[in-house]
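[1] Provided below for reference: sequence and predicted model.
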Amino acid sequence: MTAANGIGVCAGLSYHPASSSGQADTISRHKLFKANEINEIEENRHEKSTKNNTVWPMKVFQDWIKETQNSSVVEDADGAGAVYSVASYTALRSGISRYYSHFNILKNPLFNSSNNVYKSVLKAHRKSGKDTSQHHPPISSADLKKIKDSGVLSTSTAIGLVRKVWFDVQLHLARRGREGNRDLTRESFQLKRDENGKEYITLSHNTETKNHKDPTDPMQQNYRGCIFAEPTNPNCPVGSFKKYISHCPPDTTRFYLHPLRKPQEALNQQNIWYSREPMGHNALGQMLPNISKAAALSARYTNHSRRSTAVQLLSKAGLQTREIMTVTGHRCETSLKSYWAPTTSDREKWSQILSGELLTPLPNMHLPLSLSPSLREKLGESLMKLTGVRLSTPPEMHHHSSSPTAPSTETSSLTSISS
């Protein structure tokens with residue numbers, strides 16, 4: 001309950017027992033918050049990354065106001081004179097919209113003109129071929145095999161083991177980029193067994209993600225995810241997880257730790273492989289890019305590609321959309337579709353299907369020899385324009401003078417230019 005004067009907040013009743021002197025001593029069961037504390041709590045409803053993504057758009061907007069003196073001039077270039085990309089336009093609009101959320105500039109009729117100009121600029125941008133933005137691509141099958149065969153996720157090395165555990169967690173829980181990685185602790189995970197006695201790992205708590213901020217959501221527990229053991233697989237994710245925990249200092253709180261700065265040969269002589277220094281946002285944010293470089297992959301994948309890869313693999317396995325949404329935590333099918341993208345192999349297969357008829361050699365086509373030379377020439381020119389096939393002179397015509405009685409049933413063949 002917020003105080004009427006806005007100075008404090010109290011979430012209950014206060015108890016006022018009488019003291020031995022007969023006067024009431026006020027004992028409150030609840031902490032009263034000051035105005036600055038209330039403001040801080042309210043501000044914390046936004047993620048730090050969201051706040052950072054609002055700073056740049058507002059700086060650009062404020063600089064534009066100063067430069068144009070609050071005129072109605074439309075600007076489509078950055079400070080260096082280069083035209084903004086589509087991604088930059090989107091970020092600018094979203095940041096300004098968040099800052100002025102009480103106006104709802106995206107839907108308020110007062111801003112219809114601005115929104116129409118925005119859409120028109122993006123349309124012109126795409127028409128001119130300047131929209132080169134790409135979504136986070138899923139890791140291709142060939143690159144997944146490279147990762148597996150390269151040894152970058154080897155559980156025999158300290159760096160390979162922590163990479164392997166991170167890779168498994170990101171894949172099975174379909175987490176976004178670096179979302180929540182820094183906050184994970186050893187207590188964030190639980191090792192359980194199902195009704196058949198099979199081990200699996202799951203989150204011990206309901207995480208707050210971009211799509212799930214409501215603590216009263218009855219479906220939150222479904223998004224904890226599960227990583228099941230594969231006892232016969234040498235790369236069993238549960239086995240890797242347990243091995244990683246066994247090599248971490250027992251008194252650490254953070255989950256992802258930096259390996260000790262020692263040669264692997266020296267680490268093999270001791271039980272502890274990792275320091276108490278937790279990996280920071282930058283180290284975790286560069287995890288998949290570093291794996292891409294170490295394994296010499298065909299592309300430099302970002303962390304978010306793990307989420308796209310999870311959607312791709314589950315989709316190809318034939319899972320229904322509602323099942324995939326339970327794994328990824330998506331709230332609607334439309335947003336899930338944006339994560340599916342055809343692989344290069346898919347595109348190659350489609351290309352072969354589409355070009356199959358054109359690449360198939362044409363069967364031999366025949367025209368009666370009884371046609372006059374002029375008609376044959378006209379037909380040949382028409383066929384050349386339509387099919388790219390030229391009319392060849394049959395052997396029989398070269399010997400026509402010596403074989404005047406050649407039967408009229410003989411035919412002339414058509415030969416492809418490519419031959």
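    That came in fine, so what should we check first? Numbers count the residues shown, from 1 in each chain.

[2] which stretches of the stretch 101-250 of the chain have low pLDDT?
    130-135, 174-179, 205-224 (pLDDT under 70).

[3] Let's see that with 90 instead.
    Applying pLDDT under 90 to the stretch 101-250 of the chain flags residues 101-141, 169-184, 186, 188, 202-227.

[4] Just the strands from it, written as ranges.
    With strands called from DSSP state E, counting those that start in this stretch, the stretch 101-250 of the chain shows them at 189-193, 199-203, 226-228.

[5] ranking those strands by burial, who's on top?
    Of all those, strand 199-203 carries the top mean neighbour count, a mean of 18, counting by mean count of other C-beta atoms under 10 Å. (Glycine included, C-beta is placed from N, CA and C.)

[6] okay, the angle between it and strand 189-193?
    Strand 199-203 runs at 150 degrees relative to strand 189-193, counting by axes from the mean of the first three to the mean of the last three C-alpha atoms, to 10 degrees.

[7] Name the strands paired with strand 199-203 and say parallel or antiparallel.
    Strand 199-203 has the following sheet partners, assigned by DSSP bridges: strand 189-193 (antiparallel), strand 226-228 (antiparallel).

[8] Can you tell me which of these is nearest to His281?
    Closest approach to His281 among the strands paired with strand 199-203 (C-beta to C-beta): strand 189-193, 20.2 Å.

[9] In which helix or strand does Leu92 reside?
    Assigned by DSSP states H and E, Leu92 falls within helix 86-99.

[10] helices or strands up against that helix?
    helix 48-68, helix 112-127 (3 or more C-beta pairs under 8 Å, 6 or more residues apart in numbering; DSSP states H and E).

[11] Ser351: neighbour count?
    Using other C-beta atoms under 10 Å, Ser351 is surrounded by 10 other residues.

[12] Same check on Arg307?
    Arg307 has 24 neighbouring residues, counting by other C-beta under 10 Å.

[13] you'd agree it is up against His136?
    Yes. Counting by C-beta atoms under 8 Å, Arg307 touches His136, with 7.4 Å between them.

[14] So for Asn271, which of the helices and strands packed on helix 86-99 sits nearest?
    Closest to Asn271 of the helices and strands packed on helix 86-99, according to C-beta to C-beta: helix 48-68, at 36.0 Å.

[15] and the closest one, which residues are buried?
    For helix 48-68, the neighbour count (16 or more other C-beta atoms under 10 Å) marks 54, 57, 60 as buried.

[16] quick check: angle from it to helix 86-99?
    Here the directions of helix 48-68 and helix 86-99 differ by 100 degrees (the same axes, to 10 degrees).

[17] got the contact list for the nearest residue to Tyr244 once chain neighbours are set aside?
    Nearest-residue entry for Tyr244: Val165, 4.7 Å, with adjacent residues in sequence omitted and distances by C-beta to C-beta, 6 or more residues apart in numbering. Neighbouring residues of Val165 by C-beta atoms under 8 Å, 6 or more residues apart in numbering: 237, 240-241, 244.

[18] same question, Leu313
    Counting by C-beta under 8 Å, 6+ apart, Leu313 makes contact with Pro138.

[19] name the element it belongs to?
    Assignment of secondary structure by DSSP H and E places Leu313 within helix 305-316.

[20] Identify whichever of the helices and strands packed on helix 86-99 lies nearest to Leu184.
    Ranking the helices and strands packed on helix 86-99 by proximity to Leu184 (C-beta to C-beta) places helix 48-68 first, at 16.5 Å.

[21] quick one: Leu191 from Ser240, how far?
    13 Å (C-beta to C-beta, to the nearest Å).

[22] Got the domain ranges for the chain?
    Using automatic domain parsing, the domain ranges for the chain come out as 48-127, 146-345, 366-416.

[23] Redo the helices and strands packed on helix 86-99 as TSV? Include distance to Lys148.
    Shown next, in TSV, are those (distance: least, C-beta to C-beta, whole Å):
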stretch	distance to Lys148
helix 48-68	32
helix 112-127	38
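
[24] Quick one: closest of those helices to Leu297.
    helix 48-68 (26.2 Å).

[25] How many residues are close by the nearest residue to Ser305 once chain neighbours are set aside?
    Once flanking residues are discounted, Ser305 sits nearest to His136: 4.8 Å by C-beta to C-beta, 6+ apart. For His136, the neighbour count with other C-beta under 10 Å is 19.

[26] Verify the contact between His136 and His304 for me.
    Yes. Using C-beta under 8 Å as the test, His136 is close enough to His304 to be in contact (4.0 Å).

[27] before we move on, back to that, so what touches the helix holding Leu92?
    With C-beta under 8 Å, 6+ apart as the test, helix 86-99 has contacts from 50, 53-58, 60-61, 78, 84, 104-106, 118, 121-122, 125-126, 130-131, 133.

[28] Could you do stretch 189-205 as well?
    Applying C-beta under 8 Å, 6+ apart, the external contacts of stretch 189-205 come out as 173, 187-188, 224-229, 237-238, 241-242, 255.

[29] Turn the residues you listed into JSON lines, including distance to Ile353.
    JSON lines is the format used below for the contacts of stretch 189-205 (distance: C-beta to C-beta, whole Å):
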{"residue": "Leu173", "distance to Ile353": "36"}
{"residue": "Glu187", "distance to Ile353": "52"}
{"residue": "Ser188", "distance to Ile353": "46"}
{"residue": "Arg224", "distance to Ile353": "41"}
{"residue": "Gly225", "distance to Ile353": "37"}
{"residue": "Cys226", "distance to Ile353": "38"}
{"residue": "Ile227", "distance to Ile353": "37"}
{"residue": "Phe228", "distance to Ile353": "37"}
{"residue": "Ala229", "distance to Ile353": "40"}
{"residue": "Pro237", "distance to Ile353": "37"}
{"residue": "Val238", "distance to Ile353": "41"}
{"residue": "Phe241", "distance to Ile353": "42"}
{"residue": "Lys242", "distance to Ile353": "46"}
{"residue": "Phe255", "distance to Ile353": "46"}
